[in-house]
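Engineer: When you get a sec, could you give me coordinates for this:
(one chain, ligands or ions: 1)
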Amino acid sequence: MSDIKKIALAYSGGLDTSVAIKWLGDKYHAKIVTVTVNLGQGEDFKKIGDKALMVGAENHYTIDCREEFAKSYIFPSIRANGLYEGKYPISTSLGRPLIARKLVEVAHKEGCDAVAHGCTGKGNDQLRIEISAKALDPDLKMLAPTRNWGMSRDQEVEYAKKYNIPVSKAAKKYSIDQNLWGRSIESGPLENPWNSPEDDGWEWTKSPEAAPDKPTVLEIAFKDGVPVALDGKKMPPIELINMVNKVAGENGVGRIDHMEDRIVGIKSRETYECPAAVTIIEAHRDLEKLILNRHELTFKKLVDDQWTFMVYAGLWEDPLREDLDAFINKTSGRIEGRVKVKLYKGSMMVVGRESPYSVYDFKTATYDSSSTFDQTLSNGFVPLWGLPTVVSRKVMSKKQ
Ligand code: ARG
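Structural biologist: Model prediction:
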């Protein structure tokens, strides 16, 4: 007999986690409590909960965390310009630590001695859920059934049929994960990096060809480094993100096709559609360039990249992530103003920005006669700035 009596399982309603209810229950002779976290993935949560109970869960929790996800996970990521390897807005990555947190909360409430998830052994999600849960409660046991049961897809379907676990008829072409911040589409025909993404993979974005022939100009207002209004209308976080997803998606903006390095070492081809993330991060980055000086921008890029890497790599709960946030929050205090973005047939371009904290000075920058910049200062500056380069070249020319 194992010492595990009750398990809190992160439950998506899909085949893996449904099979896991039965498999874990049998293996450990344990009770299973399922937890589904609403991060804005737009599913039928009633149906998911009913399915969990039908398959054998003793209790089920559906927890609406959209607000917390937007404010405490997506917003910090906007401040950090969170794009992994310069491209992926870490949408799936950001959701996992919050799922882990809720899983631990339910485990405590229900008196569970273990938590379980349905992540495979090949991806990043296992790191994000397990490390976060373990960091929050080191006494809880971590179970990863899909990583260890050794069943192939076909065997899993067999197992499901044997125990009356519903299996959807249509074979799934892609592996999909979605939340408020984006949609990840991988596997199937995408596993060949040369294959162009097929139309049936996209749901949130129009193809650039089918997008309207007239551009849309959207004005995004920021305060404390996060978006607060669209076209002058104040909006709460969820509504604002949904609206940008809609408007940018209609204009074909937000499709990403990316060769990615997973933490387990696998190089993989991933596609995403993240219309709001792509648009808001680009607008935010542009506004920062108006407000922060060159030293701040150079250093913040290092901090942003490290922050994004930590989150991608499952280290949300690491103190370094919070230390980096302290720096980011300090610079973000000045990130206030408006950005105009033009969305047109798959492209997004910032076409205007303004801020009360702008360090752009017209009188210094202008080429017209009102300029106050004393150009004669450069008579001294140019030779001094070039001194190391000129001296090195002189010395090198002697060495033949
Ligand atoms: N590669 C992305 C990440 O690691 C997306 C993972 C998508 N997960 C999934 N279960 N389909 O964040």
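
Engineer: Tell me where the stretch 251-400 of the chain has helices.
Structural biologist: With DSSP state H, counting those that start in this stretch as the criterion, the stretch 251-400 of the chain has helices at 275-291, 294-312, 319-332, 362-365, 378-398.

Engineer: Now do the contacts for residue 135.
Structural biologist: Listed by Cβ atoms under 8 Å, 6 or more residues apart in numbering, the contact partners of residue 135 are 317-318. The way it works is simple: take the backbone N, C-alpha and C, and place the C-beta from them, glycine included.

Engineer: three-state assignment of it?
Structural biologist: Under DSSP: H, G, I helix; E, B strand; the rest coil, residue 135 falls in the helix class.

Engineer: ok, it to residue 400 distance?
Structural biologist: To residue 400, residue 135 is 60 Å away according to Cβ to Cβ, to the nearest Å.

Engineer: burial count for residue 398?
Structural biologist: For residue 398, the neighbour count with other Cβ atoms under 10 Å is 6.

Engineer: what do you get for residue 348?
Structural biologist: For residue 348, the count of nearby residues is 22 (other Cβ under 10 Å).

Engineer: follow-up on the earlier one: between the helices of the stretch 251-400 of the chain, which gets nearest to residue 160?
Structural biologist: helix 294-312 (32.1 Å; Cβ to Cβ).

Engineer: Verify the stated contact: residue 189 with residue 195.
Structural biologist: Yes: between residue 189 and residue 195 there is a contact under Cβ atoms under 8 Å: 5.1 Å.

Engineer: how close does the residue lying closest to residue 143 once chain neighbours are set aside sit to residue 47?
Structural biologist: Distances taken as Cβ to Cβ, 6 or more residues apart in numbering place residue 116 nearest to residue 143, at 3.9 Å, with adjacent residues excluded. In this view, residue 116 and residue 47 are 21 Å apart by Cβ to Cβ.

Engineer: One more: residue 9?
Structural biologist: Look at residue 9 and residue 47: by Cβ to Cβ, they are 17 Å apart.

Engineer: go on, residue 225?
Structural biologist: Between residue 225 and residue 47 the computed distance is 38 Å (Cβ to Cβ).

Engineer: Of the two, which one has the most company?
Structural biologist: Using other Cβ under 10 Å as the criterion, residue 225 and residue 47 rank with residue 225 on top: 23 against 10.

Engineer: what pLDDT does that one get?
Structural biologist: Residue 225 carries a pLDDT value of 98.

Engineer: which residue packs closest to it, ignoring adjacent ones?
Structural biologist: Excluding the flanking residues, the one nearest residue 225 by Cβ to Cβ, 6+ apart is residue 332, at 3.1 Å.

Engineer: Next up, the contacts around the one you found.
Structural biologist: 79, 224-226.

Engineer: try it again with 6 Å
Structural biologist: 79, 224-225 (Cβ atoms under 6 Å, 6 or more residues apart in numbering).

Engineer: Equivalent analysis for residue 204, please.
Structural biologist: By Cβ under 6 Å, 6+ apart, the contact list for residue 204 reads 183, 249, 273.

Engineer: can you tell me which of those residues lies nearest to the ligand?
Structural biologist: If you rank those by distance to the ligand using Cβ to the nearest ligand atom, residue 183 comes first, at 9.6 Å.

Engineer: Is that closest one part of a helix or strand, or is it coil?
Structural biologist: Going by three-state DSSP: residue 183 is strand.

Engineer: State the number of residues packed around it.
Structural biologist: Using other Cβ under 10 Å, residue 183 has 24 neighbouring residues.

Engineer: May I have the beta-bridge partners of it?
Structural biologist: Taking DSSP bridges as the rule, residue 183 bridges to residue 178, residue 273.

Engineer: What score does it have for pLDDT?
Structural biologist: pLDDT at residue 183 comes out at 98.

Engineer: so it touches residue 271, yeah?
Structural biologist: No: using Cβ atoms under 6 Å, residue 183 makes no contact with residue 271, being 9.1 Å away.

Engineer: Please tell me how far the closest residue in space to residue 200 that isn't next to it in sequence sits from the ligand.
Structural biologist: Distances taken as Cβ to Cβ, 6+ apart place residue 173 nearest to residue 200, at 7.1 Å, with adjacent residues excluded. Separation of residue 173 from the ligand (Cβ to the nearest ligand atom, to the nearest Å): 13 Å.

Engineer: ok, now residue 53?
Structural biologist: Residue 53 is 24 Å from the ligand, by Cβ to the nearest ligand atom.

Engineer: cool, and residue 102?
Structural biologist: 17 Å.

Engineer: Contact partners for that residue?
Structural biologist: With Cβ under 6 Å, 6+ apart as the criterion, the residues that contact residue 102 are 37, 63.

Engineer: That one sits in which helix or strand?
Structural biologist: In the assignment (DSSP states H and E), residue 102 maps to helix 91-110.

Engineer: tell me the mean pLDDT over that helix?
Structural biologist: Across helix 91-110, pLDDT averages out at 98.

Engineer: No further questions, thank you.
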